[in-house]
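K.L.:
Structure here, sequence nowhere to be found:
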Ligand SMILES: Nc1nc2c(ncn2[C@@H]2O[C@H](COP(=O)(O)OP(=O)(O)OP(=O)(O)O)[C@@H](O)[C@H]2O)c(=O)[nH]1
């Protein structure tokens, strides 16, 4: 780590090294639960005018500041539909720092699918140390509720995940989408995950610690 920081310093002259930690958070769950809307809400600050089924994966990034440090949160909005996932699945699970499982509170099937998503995560050798959270979306649709808080909380507890119930559309009366992702970022920051450095003028991002393959082995979730 030291030598990598020195490298950055030498490239930037006498100024302190400019480094940005990047957290990769994957968002997974059935098609239509609102993964795109949630990630868009966090990164763009609003509900999207319209969405289409995600093909493969979409990336959204937001730079946030925690305790004076600028951190780049990179959200991987993955396709819920199997036919749009196939070719991309291996890429989702590389260098993951946190996993957000999403279900739709008005769709019991999406809740029943969660064990399969957790299993897919486990099959990709993601280890215990990666934080995971469970998000019940579309809480604004109160009349259509199919998954109550109690049953969701039980499920979350049994998988050692915090539960957040929210609405990407109208987050006023529940957990705020922003607050949910900020909670994850705070947790990651304190865990000092993979550090990446951005060299000014270069535009590139240098992995400072390990090769991708090494990271693939060591950064894993405990699904
Ligand atoms: N009422 C309500 N509708 C929502 C909310 N979030 C998403 N939707 C709607 O749900 C539909 C699906 O949203 P997406 O964000 O595209 O779902 P997705 O999980 O990304 O779907 P895939 O890309 O197919 O995996 C869209 O019509 C959204 O407008 C919400 O919080 N409340």
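P.N.:
Here it is on my side, so go on. Just so we're clear, the structure is a prediction, and the values are computed from it rather than from any experiment.
K.L.:
surely residue 185 meets residue 21?
P.N.:
No: using Cβ atoms under 8 Å, residue 185 is not in contact with residue 21; the gap is 9.8 Å. Where C-beta positions appear, they are placed from N, C-alpha and C, glycine not excepted.
K.L.:
Stretch 178-187 and the ligand, any residue contact?
P.N.:
No: Stretch 178-187 does not reach the ligand (Cβ under 6 Å from any ligand atom); its nearest approach is 12.3 Å.
K.L.:
what pLDDT, on average, does that stretch get?
P.N.:
The pLDDT scores in stretch 178-187 average 90.
K.L.:
Next: stretch 69-79.
P.N.:
91.
K.L.:
Name the residues that touch that stretch?
P.N.:
The contact list for stretch 69-79, computed with Cβ atoms under 8 Å, 6 or more residues apart in numbering, reads 20-28, 31, 35-36, 39, 42-43, 53-65, 85, 88, 92, 181, 185, 188-189.
K.L.:
7 Å instead, please
P.N.:
Residues outside stretch 69-79 that contact it (Cβ atoms under 7 Å, 6 or more residues apart in numbering): 20-28, 35-36, 39, 42-43, 53-64, 85, 92, 181, 185, 189.
K.L.:
now do stretch 161-170
P.N.:
Under Cβ under 7 Å, 6+ apart, the answer for stretch 161-170 is 34, 37-38, 41, 47, 105, 132-140, 149, 152-153, 156, 174-175, 177, 180.
K.L.:
now those: which count as buried?
P.N.:
By neighbour count, with 16 or more other Cβ atoms under 10 Å, the contacts of stretch 161-170 hold 34, 37-38, 41, 47, 105, 132-140, 152, 156, 174-175, 177, 180 as buried.
K.L.:
Sitting in helices, which of the residues you listed do you find?
P.N.:
37-38, 41, 152, 156, 177, 180 (DSSP state H).
K.L.:
mind putting those residues in JSON lines, distance to residue 114 included?
P.N.:
Below are these laid out as JSON lines (distance: Cβ to Cβ, whole Å):
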{"residue": "37", "distance to residue 114": "19"}
{"residue": "38", "distance to residue 114": "16"}
{"residue": "41", "distance to residue 114": "21"}
{"residue": "152", "distance to residue 114": "9"}
{"residue": "156", "distance to residue 114": "10"}
{"residue": "177", "distance to residue 114": "19"}
{"residue": "180", "distance to residue 114": "17"}
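K.L.:
Let me know the closest of these to the ligand.
P.N.:
Distance to the ligand, by Cβ to the nearest ligand atom, is smallest for residue 37 among those, at 3.7 Å.
K.L.:
residue contacts, that closest one?
P.N.:
47-48, 51, 168.
K.L.:
which of these tops the neighbour count?
P.N.:
residue 168 (26 neighbours; other Cβ atoms under 10 Å).
K.L.:
How about it: what's its closest non-neighbour residue?
P.N.:
Nearest residue to residue 168, sequence neighbours excluded (Cβ to Cβ, 6 or more residues apart in numbering): residue 37, at 3.7 Å.
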